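1. Could you work out the structure for the sequence below:
(chains A and B)
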Number of protein chains: 2
Amino acid sequence: MTISSSQEAAGATPAAAALAALRAVVDAAGFVDAGAPEAERYLHDWTGDYRGGALAVLRPSRVEEVQAIVRICAEHRIALIPQGGNSGLVSGGIAEGPPRAVVVSLERLNRIRAIDPENFTLAADAGVILQVLKDAAEASDMLFPLALGAQGSCQIGGNVSTNAGGINVLRYGMTRDLVLGVEAVLPDGSLFEGMHGLRKDNRGYDLKQLLIGGEGTLGIVTGVEVKLFPRPANIETAYLGLASFADAMTVFGMARRVCSDLLTAFEVIGAECIPFARIAARDTRVPLEGEWPVHVIMELGCSAAIDGRALVEALLVEAFEAGLLGDGALAQSRAHAADFWAIRENLVEGQAKRGRHIRTDLSVRLSRVAEVIERSRVYIAVDWPGWEPLSYGHAGDGNIHFNVMPPVGMAEEEIRRNGKVMLDGLYAIMRALGGSFSAEHGVGRSRRDVYWDWLPAEQRSAVRAIKAALDPHGIMNPGALIPE
Amino acid sequence: MTISSSQEAAGATPAAAALAALRAVVDAAGFVDAGAPEAERYLHDWTGDYRGGALAVLRPSRVEEVQAIVRICAEHRIALIPQGGNSGLVSGGIAEGPPRAVVVSLERLNRIRAIDPENFTLAADAGVILQVLKDAAEASDMLFPLALGAQGSCQIGGNVSTNAGGINVLRYGMTRDLVLGVEAVLPDGSLFEGMHGLRKDNRGYDLKQLLIGGEGTLGIVTGVEVKLFPRPANIETAYLGLASFADAMTVFGMARRVCSDLLTAFEVIGAECIPFARIAARDTRVPLEGEWPVHVIMELGCSAAIDGRALVEALLVEAFEAGLLGDGALAQSRAHAADFWAIRENLVEGQAKRGRHIRTDLSVRLSRVAEVIERSRVYIAVDWPGWEPLSYGHAGDGNIHFNVMPPVGMAEEEIRRNGKVMLDGLYAIMRALGGSFSAEHGVGRSRRDVYWDWLPAEQRSAVRAIKAALDPHGIMNPGALIPE
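-> Predicted coordinates:
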């Protein structure tokens, strides 16, 4: 990595020539001085947990401008940090420490390029907000299924660069599975043109797979072509109460079979999370008779020609007869279903309102979901008295957010310090169960060390070799993913 | 690429030391002399179109043996050609010209390692025959959906290395979409261990994506973990007659919407193909009233709780009322459905019986399927009088096999010579329509030149950089994919 040493040796001043050249290749709105108030919002993520600096913020409005920016940076060995909606949770678009990179925001590249209804595809600039893209698909009576909390602010280019997950992965896959084509500016400023819209194309190395989830370390995604799907006319939502996570996973397997993989979501919620939903919405009412340790929100989408209600009812009967189901409620309207989903959304907001806490994003095999939760709970109970664990997540994908709330009144700094130690313990449990510390959020900077620590030597070599081969000067998002 | 030059300079003899070392790391059945009759079947593909040589054939029975083989080859700069069932169609596992590589057959690595029903996954050695793997899934009441003509002989490792396609891509995706994890021996003999069975794992570069479809140029796949699916209890099969390919594509869009993406196949067959089915099976009967220029075989799979028959009937009514459907037949039993499918299988066999012909494996956007067939037909009619084009394929994926039969009696050599010129013309049409010359068969050696010719300069650089980074001595399947 030539960046850090040359920067350190040279200080910030010699970047002046590069900055002047950069200013010249974009329009007036395209260059924001690092000190300008306008720069502020590009320098911290939405949680406020991460805050960084930059030599300048660039806001190109055309792909050619992105290419010109990268060429100048390559020539002057200036690092670039590509930035989407800044809603990632792992500091992938924010570099702490002394400023030594320009931030390149894609937000002005925000055009829907084309919809091909017969091909079930949509092409868009990288800066298109996910919700805008979803609305465009819906206006053509189709569905773009990527669905996550930040969809009103995150950008499709960021979704691709981070391989975003979310609620509907169960049926439709991660972002990787939804991308047919990518256009990206490579570290030498050349344009990778991979937007053919072909649903089947088997020619050599699938290079776009490195850009997807590459977190901006191999290039800047400027355009994306995604798959669209028929929009489900029938949506059925159920809220279930069960005795255990193990029972929930058994019901999930049953649901896949009975419902022919038409399930779009299977979310588990430990009952201990419900008070946190009430922090965000005091009058939260759980639609179950009696108290159940584990809740499930299940959703199924299908065409008008399929009786989705009958499918869900068949499943509930089978689960009840097998002694797996405590109680269940079927949404009687979309508004009713929205009440179910509000519980899921509010329990996240409630955690944020409580303040700093320990977040995880773990995944294990489905056959080990119950075990990883159980072991993690025991660990917290024994080693961290006074701390309060919450278990919820996309159980159908084996993805659990096992978060831990600190004792009320603990100082920020103490939470942060304890958090590091606690995470080591939680990660050790996941690791022993063959799991991942990152089901969907990615690595970025905040998890780079654990990523590298877990990575076998031969994979480290491969990652470094690929990075060096495609970004020989190490200018693309240095510090993210790969230790410098 | 150091191989060709060192080999050429040295001739075959200095390989003797390497061969002796190789013989020592496998058991008696693991080493076959190149001249032995037993070696013969590893040196040609199943079509007989390609025939090659080898320094020896190695048949390791353990992953550690594969590692030892690769280490010896790396040390002596001996090339390796990984080989599965040899049913690929692009000479990916056969090297013509003077022998300068060892063939490494994975066929003795043929163990199903584990089935995890709760996780819906299966782990297997690379050499497991696809049909054996499918049967193992079925024995656990699950489905492994990869389905292709060669499934009785191809191996799952080969399917992964070539990213195989087939009949059910429509619903379940290419092999890439079915693979959760890969184990592979890298070009330095180290083991890439990527079989975690995690359904969601978002940690940095997804290295397995380079091995999938890498055609053995970056490593030797030794193990695979695949996704399983609920086995459809109801399967409905329909045979349709339509006026045009354009109408067929419109019906396909309708079918996706009406049937909620439960379609597993949507195959088109130009009526001109039917006589070829009769070459294989003289009494072939088309289950339609009247003559229709385009036939479709459509299949839908769903759980017992869904009335698949009603879904297909609803679609047929809608298509008929829209004036898109000429005639249609619904299979009344699995045997009846098998009769439909026999037409599709026999028309391929009939072509093989007719002898050498020109094959393609093109893909275009779904919105251009009708156009690519029309343009290609005009090209053959005008420029190649006496030649007979056949159009059929996986239309739901935009994948058409546009094959051309030579005039009866034309000499092999003349067919071969004309074929090269004709393919250039057909490829130019696909290229003008933004298509691919390889929807599913891959590149191998037979399409390497057209692959490279079409590939933009920046992608060529990236491919070469990745190859050099991961296989610095160029020992892995040299000559495949990348020009030497």
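2. Quick one, grab the pLDDT at residue A:8.
-> Note on residue A:8: pLDDT of 42.
3. for residue A:390, phi and psi?
-> Dihedral pair for residue A:390: phi -120, psi 130, per degrees, to the nearest 10.
4. what bridges to it?
-> Beta bridges link residue A:390 to residue A:403, judged by DSSP bridges.
5. Quote the end-to-end distance of stretch A:147-164.
-> Length of stretch A:147-164, first residue to last, C-alpha to C-alpha, to the nearest Å: 9 Å.
6. mind listing what's buried in whatever helix or strand residue A:401 lives in?
-> Assigned by DSSP states H and E, residue A:401 falls within strand A:399-405. Of the residues in strand A:399-405, A:399, A:400, A:401, A:402, A:403, A:404, A:405 count as buried by neighbour count, 16 or more other C-beta atoms under 10 Å in any protein chain shown. Using the backbone N, CA and C atoms, a C-beta is placed for each residue, glycine as well.
7. and which of the residues you listed is nearest chain B?
-> If you rank the buried residues of strand A:399-405 by distance to chain B using C-beta to the nearest C-beta, residue A:399 comes first, at 4.9 Å.
8. and the closest residue to that closest one other than its chain neighbours, how many neighbours does it have?
-> Distances taken as C-beta to C-beta, 6 or more residues apart in numbering or on different chains put residue A:439 closest to residue A:399, at 3.8 Å, once the chain neighbours are dropped. A count of neighbours around residue A:439, defined by other C-beta atoms under 10 Å in any protein chain shown, yields 29.
9. Surely residue A:439 is in a strand?
-> No: counting by DSSP: H, G, I helix; E, B strand; the rest coil, residue A:439 is located in no strand; its state is coil.
10. I'd guessed it sits against residue A:398; true?
-> Yes: using C-beta atoms under 8 Å, residue A:439 is in contact with residue A:398, at 7.3 Å.
11. got any residues that touch both of these two?
-> A:363, B:198, B:200 (C-beta atoms under 8 Å, 6 or more residues apart in numbering or on different chains).
12. Using TSV, lay out those together with secondary structure, pLDDT and neighbour count.
-> Output for these, formatted as TSV (DSSP: H, G, I helix; E, B strand; the rest coil; pLDDT from 0 to 100; neighbours: other C-beta atoms under 10 Å in any protein chain shown):
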residue	secondary structure	pLDDT	neighbour count
A:363	strand	97	29
B:198	coil	96	26
B:200	coil	95	24
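13. Could you list the low-pLDDT ranges of chain A?
-> Judged by pLDDT under 70, chain A has its weakly predicted residues at A:1-14.
14. Try it again at 90.
-> The model of chain A has pLDDT under 90 over residues A:1-15, A:45-51, A:89, A:95-98.
15. domains for it, by residue range?
-> Domain assignment of chain A by automatic domain parsing yields the ranges A:2-108, A:112-230, A:234-354, A:362-432.
16. Ends of the second one, what's the gap?
-> Same thing as domain A:112-230. OK, domain A:112-230 end separation, C-alpha to C-alpha: 19 Å.
17. near chain B, anything from the helix or strand harbouring residue A:311?
-> Using DSSP H and E, residue A:311 sits in helix A:308-321. Yes: applying C-beta under 8 Å from any C-beta of the partner chain, one finds helix A:308-321 in contact with chain B at A:310, A:311, A:314, A:315.
18. What residues sit buried inside that helix?
-> Here helix A:308-321 shows A:308, A:311, A:312, A:313, A:314, A:315, A:316, A:318, A:319 as buried, counting by 16+ other C-beta under 10 Å.
19. Need those in a markdown table (columns: distance to residue B:25).
-> A markdown table is the format used below for the buried residues of helix A:308-321 (distance: C-beta to C-beta, whole Å):
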| residue | distance to residue B:25 |
| --- | --- |
| A:308 | 58 |
| A:311 | 55 |
| A:312 | 57 |
| A:313 | 60 |
| A:314 | 56 |
| A:315 | 53 |
| A:316 | 58 |
| A:318 | 53 |
| A:319 | 53 |
